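A.B. asks: below: sequence and its predicted model.
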Amino acid sequence: MLVSHTYKFIIVNIPKTGCTSILNSILKHTSIDIMGDANTKGYYQHDTALCIKEKLNQDGLKWNDYISYVRVRNPWSRYVSYCLWLQKKLKYYPIEKKHFEKNGYNFQKILKYYIQNRIEPQHLFLLDGDNCIVTHVDKFENLNNHFIKFCKNHNFTEPNLLHLNKNKPYFYRDFYNQELIDLVAEKESYVIENYKYQY
């Protein structure tokens, strides 16, 4: 998550929705007051909107004083992207490495485990109860257009959008069977229905 007191914006970062690209592109243009990382006490990179709202309140700041942004992504693509990214980073995550080894690096078994147990559904990052509290919800699939609009909203000279942390090209449907398709459809029903995603 990113907060600018000067420009009065908050960016909520759902994992695997271009977070690193957005962060590095914005930092080339301006400083950020609160950046969810090890140097920002109490705030984390992937805090939900509600979590950020509550933390701002504790700091004497008001969520509604800021324009907020978030990107959602095709859920079936996002889950595969997450697991492929993690597979490249296993040396940094010994617990996850053991899980991959236990499943013999069978990607469908691993994908099922992460769908069911580890990766948070996207609606958790948007909602306070049943209400979406984020001002602008954009699609990852239109990331460049989203970034251009963001820059115009805040009178930034539009910097280039850096594309970082990308996986090698793949077709996400190659990783699914019907059981996994249905698991994602159930878990991500809010985003699928509200933002018109299809498998």
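C.D. replies: Thanks, I have the structure now.
A.B. asks: what about residue 181, neighbour count?
C.D. replies: Other residues lying near residue 181 total 13 when counted by other C-beta atoms under 10 Å. (C-beta placed from N, C-alpha, C; glycine too.)
A.B. asks: just the element for it, please.
C.D. replies: helix 178-187 (DSSP states H and E).
A.B. asks: now the next helix or strand along the chain from that helix, how far from the chain's geometric center?
C.D. replies: Counting by DSSP H and E, the next helix or strand C-terminal to helix 178-187 is helix 189-194. Relative to the centre of its chain, helix 189-194 is centred 16 Å away, using C-alpha atoms, centre = their mean, to the nearest Å.
A.B. asks: helix 189-194 - contacts with which helices or strands?
C.D. replies: Other helices and strands packing on helix 189-194, by 3 or more C-beta pairs under 8 Å, 6 or more residues apart in numbering; DSSP states H and E, are absent; none qualifies.
A.B. asks: angle of the helix of greatest length in the chain against helix 178-187?
C.D. replies: In the chain, with assignment by DSSP state H, the single longest helix is helix 75-88. Per axes from the mean of the first three to the mean of the last three C-alpha atoms, to 10 degrees, the angle that helix 75-88 makes with helix 178-187 is 110 degrees.
A.B. asks: those strands in this protein, which residues are they?
C.D. replies: In the chain, strands defined by DSSP state E lie at 2-4, 9-12, 34-35, 67-72, 127-128, 131-132, 136-139, listed in chain order.
A.B. asks: direction included, what does the second one pair up with?
C.D. replies: Looking back up the chat, that one is strand 9-12. Using DSSP bridges, the strands paired with strand 9-12 are strand 2-4 (antiparallel), strand 67-72 (parallel).
A.B. asks: for residue 119, what are its contacts?
C.D. replies: 15, 78, 79, 82 (C-beta atoms under 8 Å, 6 or more residues apart in numbering).
A.B. asks: could you single out the nearest of those to residue 123?
C.D. replies: Set against residue 123, the nearest of the contacts of residue 119 by C-beta to C-beta is residue 78 (12.7 Å).
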